[in-house]
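Trainee: Need the 3D shape of this:
(2 chains)
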Amino acid sequence: MSNTVLSAQGLVMQFGGITATNNVTLNLHQGARHALIGPNGAGKTTLINLLTGVLQPSSGKIILEGQDITTLAPHQRVRRGMVRTFQINQLFDTLTPLETLAMVVSQQQGLGGKWWQALGNAPKVTERCEQLLEQFHLTAVMAQQTRVLAYGKRRLLEIAIALACEPRVLLLDEPVAGVPAGEREELLQTVAALPADVSILLIEHDMDLVFSFAKRMTVLVNGTVLTEGDPDQIANDPRVKAVYLGHGDEINDAVHGVGVGFTAGPSQGGAAPSGGNAVQSVTSARANSHG
Amino acid sequence: MSQNTSTSQNSLLARARWTWWEVLLWALALASPLLLSSHALIINEIAIVALFALSLDLILGFTGIVSLGHAAFFGMGAYSAALFAKLVLPDPLVGLLVGMGTAGLLGALCSATILRGTDLTRLMVTLGVGLILMELANKLDWLTGGADGLQGVVMGPLLGQFEFDLSGRVAAWYSLMVLLIVFVIARRFVNSPFGATLKAIRDNRLRAMAIGISVNSRLAVVYTVAATLAGAAGALLAQTTGFASLDVFEFHRSADVMLILVIGGVGWLYGGVAGAIVFKLMQDAISSITPQYWTFWIGLFLVVLVLVGRERLIRPWTWFGKGKKGGTV
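Mentor: Got it, this is the predicted structure:
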């Protein structure tokens, strides 16, 4: 893998006697589509907090584009291009989507300290806002207060804010969690259409999304990296199935679903499904996600 | 696309644009000392309180910092301006700048105390700072006159021409002009990208940090600015009354100014102005009827205001009909 953008090396995080993160090493190359999966309590959130600087690791290093950012404050990491979204929406309720994005874009373009010019005065800012509103299907609701938006729109804004920070590395924390079926497709398409040069680390329980999105996956269990590989390797790894126990079928379904779904779309070269059984499970998985 | 861009830009800039009723309002305000010349004293008082409320709104309404000690900066401005006039130079404008400077300096120092903790800790810390300053002004009686207050402050003429008269007309214009200038600046401030980042911090501090805003430095700046403006209000009071007493540091000042914002509406620059007018006129009217018990009526008004809600209170036609809807409030 050429030019690594983000590299976490031997991260350890101890809370008292508990080791939440144990010697985790993770590399994202440019334009990566990397998924981080693992059962509840595996330490995914702790790892995100370590990467974004909310927590300081007990030991280990985090390198972003060749620079050691282990000791930097969260907002300094954002300015260097590491941006996250939140599992639970963290929005600015009284601002409109337009104001929110104008604020973020101004901040990103270094105008956040300007106090004499009006917000939106710079054409560069409003142009970028327009693009983002379009890209995230928010143009129609750009002038409504965020708190009155539908949940799906709020979820889109959540990701739009992160992208407005012009990230080099984007950490997506369960982007489709809790989104009702009717608004889901719009969100999935938007996630799939995120800029190719941005490296993305996806934390997600939705196996459908994980296997259609990720080109590489890391499985985290009890704070340790269990294994890393491409989706096929992960799906066929007996240890992963054992970890997910009851969820082993879910992984199977999803990876086969991808194999079928993508025969019409871009080639993914996934595991070809064999037998009516797989096809059946695929249809049931599809029915679930669109029900 | 270009048309689209202009609509979004228009929509953003609409907020920053002055409307005709604002211009009219300010014209009326500036004409008021002439039109209501017998009420120039209370106009002066309203302008000063409005400025004080505006300064609190910057931190409370726009940034979400609660404070019960904003009188600390008001008092600092008042004593600095009074002392400066008495000991150094009687010129009002220079004195005003001195008052603002010392209050701002104090604000910059105190901003370190409001960066951490919750709303409750901030209430306590700001309250504490206010109490400390009042006690300092009390104990340093060789400088401040202690409990007797600082007397014998004689102000020079404004701009070297306009003497402060007994009717208070010059004082009212002076305060109104300062209020207007501060208002114009504050209006640009809150509608700027900087102001937007403050609102972001108010709405969601966690996310503000997660988009690269250095929250602490923003808080420190806005706290210092608010303290400076509170200092201006204090300086105006000391200069136009020719007197500074411990009253300027009193807790009730901090509480009153918060009430004024609640009456007028927080996070809206005119809220401080509207609240100041309502509060001062009510205080004036009620206390002329019942000097002892006017706070009773103010208290009752506040309870009704908060329970009924400002939106409904100023729209009497919504009081009746659909009675059920209001039941859940």
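Trainee: Name the residue most distant from the centre of chain A?
Mentor: residue A:116 (36.1 Å; CA atoms, centre = their mean).
Trainee: Would you map the helices across the stretch 151-300 of chain B?
Mentor: Per DSSP state H, counting those that start in this stretch, the stretch 151-300 of chain B carries helices over the ranges B:169-190, B:193-203, B:205-210, B:215-241, B:251-264, B:269-289, B:294-308.
Trainee: can I get the ones you listed in JSON lines with distance to chain A and mean neighbour count?
Mentor: All C-beta spots, glycine's among them, are computed from the backbone N, C-alpha and C. Formatted as JSON lines, those follow (distance: least, CB to the nearest CB, whole Å; neighbours: other CB atoms under 10 Å in any protein chain shown):
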{"stretch": "helix B:169-190", "distance to chain A": "5", "mean neighbour count": "20"}
{"stretch": "helix B:193-203", "distance to chain A": "4", "mean neighbour count": "25"}
{"stretch": "helix B:205-210", "distance to chain A": "4", "mean neighbour count": "20"}
{"stretch": "helix B:215-241", "distance to chain A": "7", "mean neighbour count": "26"}
{"stretch": "helix B:251-264", "distance to chain A": "16", "mean neighbour count": "21"}
{"stretch": "helix B:269-289", "distance to chain A": "14", "mean neighbour count": "19"}
{"stretch": "helix B:294-308", "distance to chain A": "19", "mean neighbour count": "14"}
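Trainee: so which residue of chain B comes closest to chain A?
Mentor: residue B:12 (2.8 Å; CB to the nearest CB).
Trainee: Can you classify that residue by secondary structure?
Mentor: helix (DSSP: H, G, I helix; E, B strand; the rest coil).
Trainee: Please apply the same query to residue A:34.
Mentor: Quick answer, by three-state DSSP: residue A:34 is strand.
Trainee: so it bridges to which residues?
Mentor: Counting by DSSP bridges, residue A:34 is bridged to residue A:201, residue A:216.
Trainee: What count of nearby residues applies to it?
Mentor: For residue A:34, the neighbour count with other CB atoms under 10 Å in any protein chain shown is 21.
Trainee: Check whether it really touches residue A:204, as I assumed.
Mentor: No: Residue A:34 is beyond contact range of residue A:204, at 11.2 Å (criterion: CB atoms under 8 Å).
Trainee: can you give me the strands for chain A?
Mentor: Using DSSP state E, the strands of chain A run over residues A:4-15, A:18-29, A:33-37, A:59-64, A:67-68, A:82-84, A:169-173, A:199-203, A:216-221, A:224-229.
Trainee: Under the pLDDT cut-off, which ranges of the stretch 151-291 of chain A? List them.
Mentor: Counting by pLDDT under 70, the stretch 151-291 of chain A has low-confidence residues at A:245-291.
Trainee: Any idea how many residues pack against the residue in it that chain B sits nearest to?
Mentor: Of all residues in the stretch 151-291 of chain A, the one sitting closest to chain B is residue A:165 (5.4 Å; CB to the nearest CB). Using other CB under 10 Å, residue A:165 is surrounded by 21 other residues.
Trainee: mind listing what whatever residue of chain A ends up closest to chain B touches?
Mentor: Among the residues of chain A, residue A:120 lies nearest to chain B; the distance is 2.8 Å by CB to the nearest CB. By CB atoms under 8 Å, 6 or more residues apart in numbering or on different chains, the contact set of residue A:120 is A:102, A:126, A:129, B:8, B:9, B:11, B:12, B:13.
Trainee: Show me which of those are buried.
Mentor: Buried by 16 or more other CB atoms under 10 Å in any protein chain shown: A:102, A:126, A:129, B:8, B:9, B:11, B:12, B:13, out of the contacts of residue A:120.
Trainee: got the contact list for the last one?
Mentor: Read that as residue B:13. Contacts of residue B:13 by CB under 8 Å, 6+ apart are A:118, A:120, A:121.
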